[in-house]
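Visitor: give me a 3D structure for the following:
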Amino acid sequence: MVVLKAHEENWNRHDMDAWADQILHEDSDWVNWRGGYWHGKTAIREGHRAIHKSYYKSTRLSPQRIEDLEFITPDVAIAHVRSELSGDERSPGQTFTYRKTIVFTKQKGLWRIRALHNTRLLDAE
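Guide: Alright, predicted model coming up:
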């Protein structure tokens with residue numbers, strides 16, 4: 001899926017402007033793995049920009065794997081996606097596994113993330 005590939009590539013370049021522009025709608029919502037909530041593309045981009053300038057500045061996101069994908073309507077889809085993250089300066093040498101619940105919507109002809117909830121898995125299952 002093009003949106004997930006853009007997520008991975010721009011994350012790994014730490015280019016939060018391109019990242020936000022290529023994966024988010026203006027009215028997107030994002031819940032991070034610690035439960036923090038950002039509403040709107042600007043807030044999500046700025047939140048990620050801040051962490052990518054500090055403890056996430058060397059992180060690498062693995063290729064994301066779709067566990068399931070269902071189209072609710074022709075313009076709305078929900079997916080569960082797995083990925084791994086390494087390079088968090090707070091946890092040197094560790095790789096963390098995540099499961100994301102993502103609502104994709106098609107607006108103005110473009111598929112983007114409308115809502116994402118990220119969960120860190122304690123035991124990779």
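
Visitor: and residue 8, what does it touch?
Guide: With contact set as CB atoms under 8 Å, 6 or more residues apart in numbering, residue 8 has these partners: 61, 62, 63, 64, 83. C-betas here are computed from N, CA, C, even on glycine.

Visitor: helix or strand for the residue most central in space within the chain, just tell me which one.
Guide: In the chain, the residue lying closest to the centroid (CA atoms, centre = their mean) is residue 7, at 6.3 Å. Per DSSP states H and E, residue 7 falls inside helix 2-13.

Visitor: run through the protein and note the low-pLDDT ranges.
Guide: Per-residue confidence for the chain (pLDDT under 70) gives these ranges: 124-125.

Visitor: ok, now with 50
Guide: Filtered on pLDDT under 50, the chain yields no residues whatsoever.

Visitor: where do the helices of it begin and end?
Guide: Assignment of helices within the chain using DSSP state H yields the ranges 2-13, 16-23, 41-52.

Visitor: that older thread, now do the residue nearest to the centre of the chain against residue 73, distance only.
Guide: Residue 7 sits 23 Å away from residue 73, taking CB to CB, to the nearest Å as the criterion.

Visitor: please apply the same query to residue 117.
Guide: Distance of residue 117 to residue 73, given as CB to CB: 20 Å.

Visitor: with neighbour numbers in mind, choose between the two.
Guide: Neighbours were tallied for residue 117 and for residue 73 using other CB atoms under 10 Å; the higher tally belongs to residue 117 (16 against 8).

Visitor: list the contacts of the more buried one.
Guide: Residues touching residue 117, when contacts are defined by CB under 8 Å, 6+ apart, comprise 31, 100, 101, 102.

Visitor: switch the cut-off to 7 Å
Guide: Contacts for residue 117 (CB atoms under 7 Å, 6 or more residues apart in numbering) come out as 31, 100, 101.

Visitor: narrow those to just the buried residues.
Guide: Among the contacts of residue 117, the ones that count as buried by 16 or more other CB atoms under 10 Å are 31, 100.
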